[in-house]
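Asker: predicted model and sequence below, questions to follow.
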Amino acid sequence: MLRNDLVKLALVGAAMAGLAQGARANGLTPVPNANTKVAGIARPNVLSPELSEIIQAQGSVPLENGTGDIPFYGYDGNGPMLPAPGDVQTPTHNVEATKTEPDKNTYLVLEHVQGADPSYDYGHHFLFQGHELAQKDASGRALSFISRINLDADGAHRVTAIATADVDGNPIPTIDGSTWDPFAQRLLFTTENPSAPGVLQATLDVPSTVEDLSGSTGRGGYEGIQNDSLGNLMIVEDVGGPAGAVNTHAKQPNSFVYRFVPKDPRDLTRGRLQVLQVTSLADPNRPITFHAGQPDADILSQDVADLHTYGKVFSARFVTIHDTAVDGNAPFSANALAKAAGGTPFKRPENGVFRPGTRFTQFFFTETGDTTAVTEAGSAFGGFGSIMKLTLSKAGSDTGTLSLFYLGDVAHTGLDNINFATANQVVAVEDGGDGLHTQRNAFDSAYIFDMRVSYGAAGAPAPFRLLALGRDDAATLDSAFSAAGGGFQNEGDNEITGFHVSDGDPGVGGILGAKLPLPFVLGWRVFYTQQHGDNATFEIVPARPFALFDNRD
């Protein structure tokens with residue numbers, strides 16, 4: 001073992017020995033409050049004081065192989081980075097360039113990696129992302145791309161566009177989720193647009209070979225995507241349902257949790273797509289399903305209330321809705337097939353991850369909820385979202401149970417990205433949006449949730465605030481333009497996305513959930529992106545000797 005590693009382990013031991021209970025978590029001090037929102041006022045991010053953050057890339061970084069349409073990491077080429085004084089947004093004139101919004105992060109440590117410059121040594125440490133927003137071409141197609149932050153590189157080679165088009169010459173669609181599939185040896189990217197490819201697979205080459213998997217994984221409002229140890233893919237969908245006629249500030253559950261079971265894990269073009277089906281507690285012979293044309297019937301239904309009640313445990317199973325061996329490889333709507341097969345809809349689930357140390361039997365996923373403080377659904381009917389726990393009888397099993405792990409409230413809502421920081425602690429971040437930020441006078445936060453806490457019990461502690469996101473200058477300006485209307489195409493307040501804890505292992509043993517995480521030691525690194533505004537991607541690092549390390553039972 002290297003001397004530096006021994007030093008790091010000694011720091012871990014020191015941190016472990018000094019752990020306090022209650023107000024602190026793993027030696028961290030909680031951030032007491034969220035940042036407040038005031039028109040025209042920017043706010044700095046606030047982390048636990050034991051932590052600091054460094055920018056690994058931001059929107060103004062030029063791509064080493066940029067084009068006229070996509071010249072920068074976070075800006076398209078259709079306007080200036082900042083509006084000219086007095087400029088006014090109109091339906092035919094943008095005051096600033098479209099911001100690309102780098103989304104979910106995937107970290108890999110790789111050998112012999114090439115880039116746009118064949119003579120340059122790019123090192124070994126890389127962060128991959130798709131981009132959620134893009135300008136459109138004359139036919140209305142988004143002109144997005146896949147980026148690679150070269151963490152060991154100099155400024156001129158810092159960010160590479162590894163793909164702007166797929167193998168058929170179609171531009172890359174806007175992208176939300178990402179992961180690395182060690183079985184197929186492909187990067188996987190998802191898109192929330194049900195009319196675009198649901199999942200793309202991409203090689204590590206530059207330029208990357210990008211292929212549409214819509215014939216096997218289908219199309220839907222896909223966001224979260226994650227392997228299990230058998231090569232199956234968990235896919236989490238985020239599709240907002242219709243608002244009720246009576247409950248006008250609440251939306252009908254309309255999104256599903258899927259699993260793709262490949263015939264051969266090395267080939268993702270063949271296999272079965274399944275949907276999660278949960279059995280009603282009121283009637284064990286009836287699954288909880290979507291009622292077309294009746295949003296109010298679902299928004300405040302007993303089934304939805306039961307799903308969002310602590311202590312209730314539901315039988316659950318995966319039901320096959322498409323099999324390439326029978327149904328072929330034409331693109332299909334996963335959401336439509338899920339409804340037809342009696343899949344169980346949720347209130348905008350966005351991302352999911354397997355808990356380390358459970359042999360891929362415990363899968364936690366977030367529900368974003370209605371993202372408004374005035375939802376008629378309230379906490380009782382999931383209006384403020386949740387974290388759900390799916391427990392399988394064994395890895396890859398078709399059967400298991402579903403239960404509520406955490407029920408959101410107006411102060412902890414819009415839960416989106418989720419990633420385990422230790423075996424016992426999962427980080428989930430908010431995506432409330434400008435409207436909710438204004439309603440509650442609070443920007444988003446990232447929270448640590450502890451597996452050993454019964455959050456529904458009397459006296460249970462509140463989630464531990466790890467990060468109070470601020471609002472950078474560019475997002476403060478964008479929020480004002482967005483509020484003014486005029487067809488402004490960029491987002492407003494900043495959002496936390498891509499919270500990612502990984503050691504970058506590209507092998508099967510490196511799948512998230514296979515190892516017990518060791519943040520800040522032995523190669524484990526922590527990243528997130530402050531989406532919108534400057535679109536900065538940060539790495540979180542210790543501000544002083546410290547390690548976030550708690551894998552005890």
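Answerer: Sure thing, it's come through.
Asker: span of stretch 62-70 from start to end?
Answerer: Start-to-end span of stretch 62-70 (Cα to Cα, to the nearest Å) is 9 Å.
Asker: please enumerate residues in contact with that stretch?
Answerer: 71-73, 76-78, 100, 115-117, 134-135, 143, 145, 147, 156-161, 164, 206 (Cβ atoms under 8 Å, 6 or more residues apart in numbering). Where C-beta positions appear, they are placed from N, C-alpha and C, glycine not excepted.
Asker: show me what counts as buried in it.
Answerer: Neighbour counts over stretch 62-70 (16 or more other Cβ atoms under 10 Å) mark 63-66, 69-70 as buried.
Asker: can you check stretch 170-190 too?
Answerer: 171-184, 186-190.
Asker: and stretch 481-488, by the same measure?
Answerer: For stretch 481-488, a neighbour-count test (16+ other Cβ under 10 Å) marks 481-482, 488 as buried.
Asker: save those residues as a markdown table, and put in distance to Phe527 too.
Answerer: Formatted as a markdown table, these follow (distance: Cβ to Cβ, whole Å):
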| residue | distance to Phe527 |
| --- | --- |
| Phe481 | 29 |
| Ser482 | 27 |
| Phe488 | 29 |
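Asker: keep only those of those that are in helices.
Answerer: Among those, the members found in helices (DSSP state H) are 481-482.
Asker: out of the buried residues of stretch 481-488, which is nearest to Val278?
Answerer: Ranked by distance to Val278 (Cβ to Cβ), the buried residues of stretch 481-488 are led by Ser482 at 37.2 Å.
Asker: before we move on, the earlier item: of the buried residues of stretch 481-488, closest to Phe346?
Answerer: Using Cβ to Cβ, the buried residues of stretch 481-488 come closest to Phe346 at Ser482, 28.2 Å.
Asker: need the three-state assignment for the residue nearest the centre of the chain.
Answerer: Most central in the chain under Cα atoms, centre = their mean is Asn417, positioned 3.7 Å from the mean C-alpha point. Put simply, Asn417 is strand when judged by DSSP: H, G, I helix; E, B strand; the rest coil.
Asker: same check on Ala305?
Answerer: Following three-state DSSP, we place Ala305 in the helix state.
Asker: quick one on the thing from earlier: wait, the residue nearest to the centre of the chain sits on Val501?
Answerer: No: between Asn417 and Val501 no contact is recorded; they are 11.1 Å apart, counting by Cβ atoms under 8 Å.
Asker: overlap in contacts of those two?
Answerer: Contacts common to Asn417 and Val501, judged by Cβ under 8 Å, 6+ apart, are absent.
Asker: one step back: now render the buried residues of stretch 481-488 as TSV, adding pLDDT.
Answerer: Converted to TSV, these look like this (pLDDT from 0 to 100):
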residue	pLDDT
Phe481	92
Ser482	91
Phe488	93
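Asker: show me where the stretch 101-250 of the chain has helices.
Answerer: 214-217 (DSSP state H, counting those that start in this stretch).
Asker: repeat for the stretch 451-553 of the chain
Answerer: Under DSSP H, counting those that start in this stretch, the stretch 451-553 of the chain gives helices at 473-484.
Asker: low-confidence ranges in it?
Answerer: Along the stretch 451-553 of the chain, segments meeting pLDDT under 70 span 545-553.
Asker: give me that answer again for 50
Answerer: For the stretch 451-553 of the chain, applying pLDDT under 50 flags no range at all.
Asker: so what sits opposite Thr497 in the bridge?
Answerer: Beta-bridge pairing of Thr497, defined through DSSP bridges, involves Thr529.
Asker: picking up where we left off before, for the buried residues of stretch 62-70, which two are the farthest from each other?
Answerer: Glu64 and Asp69 (15.8 Å).
Asker: I'm done for today, thanks for sticking with me.
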